[in-house]
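S.K.: Please find the sequence and the predicted model below.
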Amino acid sequence: MAQSSMPKLTAPDSEPLVRAEVRVLRPRRAAPADAVRPTRAEVNLEALRHNLRVVQRHAAGAKVWAVLKADSYGHGAAAVARTLERAGADGFCVALLEEAIELREAGIRKSILVMGGYYADAHLEVVARGLVPVVFDTEQIDAFARLVRGGLVEAPIKVHLKIDTGMARLGVPMGGVAKLAAYLADTPEIEVAGLMTHLACADAPTNEETAEQMLRFDEATATLARHGIRAPLRHAANSAAIGRSQARLDAVRPGIAIFGTSPRSLPGSAPLIPDLRQVIRVRTEIIDVREVDAGAPVGYGALWRAPRRSRIATIPMGYADGLSRQLSNKGHVLVRGMRAPIVGAVSMDMSMVDVTDLPGVALRDEAVILGGQEGVLGKDAISADEVAGHMGTIPWEVLTQISRRVPRFYREP
Ligand SMILES: Cc1ncc(COP(=O)(O)O)c(C=O)c1O
């Protein structure tokens, strides 16, 4: 079928010639709800640009392919990608094909690497959109090669090959590299434009594991080269590796650092990338303030009882919004610039905080769950790291769990 009769797709100018009708995936994401509740996430685009500059400095000349999977770590895929593209990011990485399509639909023209390796029967759409698929087995390679053999797409299709150097998650295992190299050498329809691996312990206290993984990566690179496969772009480093000046190679894949949280080699130790700025601020407003007697229960299951006569404020944010139920009786929110402890069980849409020690708290006062606040009583900030500590998890989870019920607002300060 002629290209002119294809459904309209967004792809970079350099897209390969596609001569077939393409099934068009249309991933759906809830549009930010019309913000009736005061609960919202503010995404600071200048902080995003600042973090990109910091990462670029640490990357020391390596290309920076920002990792924007999971809705840009919860910050909103399209706006983040547009901002970073304009600010000079060299490319983007996502986990899912749907995420890559969302970025193309948003007008992103830079390279987009689809890292998850799962293409269902949409291989043609991957090519038509000008996306870069990650592959690691013969089935995937064949599925793409068949598009060329069937005359649907012009050769070569560029892919990145993923090597498992010690994470046992995704990628061709070291023992399979030679065989796959021979297979690729016999498959001229496919061009290995990149070689990648992922580091399991880049934030470990010592760099032993990373050094071992990199040795294996070099070994795999040499094996491929013996079969005539030489990728112009090799990449391995996530944020932690970038911070430690390890594994920078030709390109780096920072995720969490772009959003302003630095990995640390131990909880509480120095950030591996200093000077980052947290991009997201999650805020709401107090919708109820009441006095309770000493001994009065608060919330489901009476998990907290007032140790004295207390003032309890209710905020309209709960676990369905991303304020984890693990924060029941743990952690704080900021009110009037000071910390108010979360008391009782976090419920689905609401949580309670103890404001007894904060004079003057009233209805409609702002409550900050994540990020900074300056108020009449002081100035403070809550980091994703701090919240993760209370939850017994990692900041990656804190950021990505802010749910789609919370509208994202983009700010140029
Ligand atoms: C393959 C791959 N590369 C890079 C990253 C970015 O990692 P980080 O957020 O630690 O920088 C991830 C995220 O987990 C990933 O899965």
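M.R.: Cool, the structure landed. Numbers count the residues shown, from 1 in each chain.
S.K.: do you know how far the residue of the stretch 151-300 of the chain found nearest the ligand is from Val279?
M.R.: For the stretch 151-300 of the chain, the residue positioned closest to the ligand under Cβ to the nearest ligand atom is Gly255, at a distance of 2.5 Å. The way it works is simple: take the backbone N, C-alpha and C, and place the C-beta from them, glycine included. Gly255 sits 12 Å away from Val279 when distances are taken as Cβ to Cβ, to the nearest Å.
S.K.: got the buried residues for the host helix or strand of Arg86?
M.R.: If you go by DSSP states H and E, Arg86 is part of helix 77-87. The neighbour-count criterion (16 or more other Cβ atoms under 10 Å) identifies Ala77, Ala78, Ala79, Val80, Ala81, Arg82, Thr83, Leu84, Glu85, Ala87 as the buried residues of helix 77-87.
S.K.: hmm, that helix in reach of the ligand?
M.R.: No: Helix 77-87 lies apart from the ligand when judged by Cβ under 6 Å from any ligand atom; the minimum separation is 13.4 Å.
S.K.: Please apply the same query to stretch 235-252.
M.R.: Yes: Stretch 235-252 lies in contact with the ligand when judged by Cβ under 6 Å from any ligand atom; the contacting residues are Asn238, Ser239, Ala240.
S.K.: Buried ones only from those residues, please, as a ChimeraX command.
M.R.: The command below creates a ChimeraX selection of those among the residues of stretch 235-252 next to the ligand that count as buried (16+ other Cβ under 10 Å):
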select :238,239,240
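S.K.: circling back: only C-alpha atoms, please: export the helix holding Arg86 in CSV.
M.R.: Presented in CSV, the C-alpha positions along helix 77-87 are these (Å, rounded to 0.1, in the frame of the first residue of the first chain):
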residue,chain,number,x,y,z
ALA,A,77,5.5,12.3,29.9
ALA,A,78,4.8,14.8,27.3
ALA,A,79,5.6,18.1,29.1
VAL,A,80,8.8,16.6,30.5
ALA,A,81,10.0,15.3,27.2
ARG,A,82,9.2,18.6,25.4
THR,A,83,11.1,20.5,28.0
LEU,A,84,14.1,18.2,27.9
GLU,A,85,14.2,18.0,24.1
ARG,A,86,14.3,21.8,23.9
ALA,A,87,17.0,21.9,26.6
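S.K.: Looking at Gly255 and Val279, which is more packed in?
M.R.: Val279 (30 against 20; other Cβ atoms under 10 Å).
S.K.: dump the residue contacts of the residue nearest the centre of the chain.
M.R.: To find the centre residue of the chain, average its C-alpha atoms and take the closest one (Cα atoms, centre = their mean): that gives Tyr73, at 3.1 Å. Each residue near Tyr73 by Cβ atoms under 8 Å, 6 or more residues apart in numbering is listed here: Val67, Gly255, Ile256, Ile258, Phe259, Trp396, Leu399, Thr400.
S.K.: So what does it look like in phi/psi?
M.R.: phi 50, psi 40 (degrees, to the nearest 10).
S.K.: roughly how far apart are it and Thr83?
M.R.: The spacing between Tyr73 and Thr83, counted by Cβ to Cβ, is 14 Å.
S.K.: For the longest strand along the chain, buried residues please.
M.R.: Of all segments of type strand in the chain, defined using DSSP state E, the longest is strand 366-375. By neighbour count with 16+ other Cβ under 10 Å, strand 366-375 contains the buried residues Glu366, Ala367, Val368, Ile369, Leu370, Gly371, Gln373, Gly375.
S.K.: ok, now stretch 170-183?
M.R.: Using 16+ other Cβ under 10 Å as the test for burial, stretch 170-183 gives Leu170, Gly171, Val172, Met174, Gly176, Val177, Leu180, Ala181, Tyr183.
S.K.: now swap in stretch 268-285 and tell me
M.R.: Taking 16+ other Cβ under 10 Å as the criterion, stretch 268-285 shows Leu272, Ile273, Leu276, Arg277, Gln278, Val279, Ile280, Arg281, Val282, Arg283, Thr284, Glu285 as buried.
S.K.: now do stretch 128-139
M.R.: Of the residues in stretch 128-139, those with enough neighbours to count as buried (16+ other Cβ under 10 Å) are Ala128, Arg129, Gly130, Leu131, Val132, Pro133, Val134, Val135, Phe136, Thr138.
S.K.: ditto for stretch 105-116
M.R.: Per 16+ other Cβ under 10 Å, stretch 105-116 contains these buried residues: Glu105, Ala106, Ile108, Lys110, Ser111, Ile112, Leu113, Val114, Met115, Gly116.
S.K.: mind putting those residues in a markdown table, secondary structure and distance to the ligand included?
M.R.: Written out in a markdown table, the entries for the buried residues of stretch 105-116 read as follows (DSSP: H, G, I helix; E, B strand; the rest coil; distance: Cβ to the nearest ligand atom, whole Å):
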| residue | secondary structure | distance to the ligand |
| --- | --- | --- |
| Glu105 | helix | 23 |
| Ala106 | coil | 20 |
| Ile108 | coil | 18 |
| Lys110 | coil | 16 |
| Ser111 | strand | 15 |
| Ile112 | strand | 14 |
| Leu113 | strand | 9 |
| Val114 | strand | 11 |
| Met115 | coil | 5 |
| Gly116 | coil | 9 |
